[in-house]
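> sequence? don't have it. structure:
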């Protein structure tokens, strides 16, 4: 399975141009899966997403689905999704046949320079998505710091975890410290795709990590480029036999966590 992680800089507020950028990267890659960063359709630094958000399906989704069909590949990207009077920070998975899956960001950062709760509502569903290569679980940026989310995907049978991100340089060290852990503790491949550009000094660093936590390949910092890798899903069997963390997971611990969190309210 050939994957391409597009380390690119979207133009703030210009959906037409950003779709053009996506098409350029897809056509250049000839990959089975092409992944773009968080809110790539609009750019991350918009002050107001209310006029930019779209329904799913919608005008922009239909155009990107056409790109996926034409190039016979899966495409993952981020966008602001509108549903009635609510807006979500959403990751979209488009299949080669035009089928659409989506995941709404669970954990919205609201500290320091981040004000996502001002713009978005929290997601509530955690569903893995079947593809012809295996099951995929989607995450968005800050979600990576909550291991229970990745564990939920792994318990559903996920083979690949994909995190699309808009991480500025001041947070780089935190992401790099945890992404390998998310791979090894769930014996899944982990694909990390970040933005680059001057909006918030995004650092790039797109990374492919194997199910034993080993870095397969990594993009340069602050540079527009494509990170490509041929993922061998046969590695999963050996990793899971040697460290059967999913088999040995104990569901009662999640009940305990629920009780602890409720006691603090």
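Alright, I've got the coordinates. Only a predicted model underlies this, so the values are computations on that prediction, with no experimental measurement involved.

> Can you give the distance from the host helix or strand of residue 260 to the centre of its chain?
Residue 260 belongs to helix 252-263 when assigned by DSSP states H and E. A distance of 27 Å separates the C-alpha centroid of helix 252-263 from that of its chain, computed with C-alpha atoms, centre = their mean, to the nearest Å.

> change the start of the numbering to 219 and stick with it
Let's use 219 as the start, then, which means that last one is helix 470-481.

> For it, name the packing helices and strands.
The contact analysis (3 or more C-beta pairs under 8 Å, 6 or more residues apart in numbering; DSSP states H and E) places helix 470-481 against no helix or strand. Placement of C-beta: from N, CA and C, glycine included.

> Beta-bridge partners for the nearest residue to residue 414 once chain neighbours are set aside, please?
Spatial nearest neighbour of residue 414, excluding adjacent residues (C-beta to C-beta, 6 or more residues apart in numbering): residue 422 at 4.2 Å. Assessed by DSSP bridges, residue 422 has beta-bridge partners residue 439.

> Show me the helices in the protein, by range?
In the chain, helices defined by DSSP state H lie at 233-247, 277-289, 334-337, 365-373, 390-402, 453-460, 470-481, listed in chain order.

> Pick the most deeply packed of these.
Compared across the helices of the chain, helix 365-373 shows the largest average neighbour count, a mean of 19 (mean count of other C-beta atoms under 10 Å).

> Pull the residues that contact it.
By C-beta atoms under 8 Å, 6 or more residues apart in numbering, the residues outside helix 365-373 that reach it are 324-325, 344, 346, 353, 355, 357, 361-362, 379, 399-400, 403-406, 463-464, 467, 472, 475.

> and these, which are buried?
By the neighbour-count criterion of 16 or more other C-beta atoms under 10 Å, the contacts of helix 365-373 include these buried positions: 324-325, 344, 346, 353, 355, 357, 361-362, 379, 400, 403-406, 464.

> Burial check on the residue nearest to residue 414, number of neighbours?
A total of 28 residues lie near residue 422 under the criterion other C-beta atoms under 10 Å.

> The one 4 residues further on too?
Taking other C-beta under 10 Å as the neighbour definition, residue 426 ends up with a count of 24.

> Run through the residues that contact it.
221, 223, 407-410, 433-436, 445, 447, 449.

> about what we covered before: how much space between the residue nearest to residue 414 and residue 246?
17 Å (C-beta to C-beta, to the nearest Å).

> Might one say that residue 409 is in contact with residue 219?
No: between residue 409 and residue 219 no contact is recorded; they are 10.7 Å apart, counting by C-beta atoms under 8 Å.

> neighbour count winner among those two?
Regarding residue 409 and residue 219, a neighbour count based on other C-beta under 10 Å identifies residue 409 as having more, with 26 against 18.

> which residue sits closest to that one, ignoring its sequence neighbours?
Of all residues apart from its sequence neighbours, residue 380 sits closest to residue 409 (C-beta to C-beta, 6+ apart), at 4.7 Å.

> ok, back up a step: could the helices of the chain go into TSV alongside mean pLDDT and distance to residue 257?
Formatted as TSV, the entries for the helices of the chain read as follows, by pLDDT from 0 to 100; distance: least, C-beta to C-beta, whole Å:
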stretch	mean pLDDT	distance to residue 257
helix 233-247	97	10
helix 277-289	98	12
helix 334-337	96	10
helix 365-373	96	19
helix 390-402	98	17
helix 453-460	97	30
helix 470-481	91	29
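
> Please produce CSV containing these, extended by distance to residue 268.
Shown next, in CSV, are those (distance: least, C-beta to C-beta, whole Å):
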stretch, distance to residue 268
helix 233-247, 14
helix 277-289, 16
helix 334-337, 8
helix 365-373, 27
helix 390-402, 29
helix 453-460, 42
helix 470-481, 32
